[in-house]
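Trainee: sharing a sequence plus its predicted fold:
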Amino acid sequence: MVFGFAKHPASWDSYREVYMSENYEEIKGIMSEKDLRFVLLTESIKKGVALEQWENAEPMSKMAREKFESEPFIKIYANEEAELYMR
């Protein structure tokens, strides 16, 4: 709900590469151009990301997940099912 009401683009809707890339440099332009400030990681996203119904959902690599653990990302929320990062 936060994403919809705050008018922040939801990164999982359109930007698969934000999740699948293995370093921030690969997505820096997208994140800046589209003003993506938040990234949500859930267990289901980690298990597989696909934007189209005919695509196979590919699991995120370890490096792809770990890029959110360093600058410019800051973990602002975490529980057993989800992590929210801010850039």
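Mentor: Okay, I see it. Residues are numbered from 1 along each chain as shown.

Trainee: what's near enough to touch the residue nearest the centre of the chain?
Mentor: In the chain, the residue lying closest to the centroid (Cα atoms, centre = their mean) is residue 39, at 4.1 Å. Residues near residue 39 by Cβ atoms under 8 Å, 6 or more residues apart in numbering: 11, 18-19, 68, 73, 84-85, 87. Placement of C-beta: from N, CA and C, glycine included.

Trainee: which of these tops the neighbour count?
Mentor: residue 11 (25 neighbours; other Cβ atoms under 10 Å).

Trainee: residues in contact with residue 15?
Mentor: Here residue 15 is in contact with 9, 27, 30, 34, 36 (Cβ under 8 Å, 6+ apart).

Trainee: from the residues you listed, pick the one nearest residue 48.
Mentor: The closest of the contacts of residue 15 to residue 48 turns out to be residue 27 (Cβ to Cβ; 18.5 Å).

Trainee: got a pLDDT number for the closest one?
Mentor: At residue 27, the predicted lDDT confidence score is 94.

Trainee: could you look up the SS state of the residue of the chain positioned farthest from its centre?
Mentor: Centroid-distance maximum for the chain: residue 54 at 20.7 Å, with Cα atoms, centre = their mean. Look at residue 54: counting by DSSP: H, G, I helix; E, B strand; the rest coil, its state is coil.
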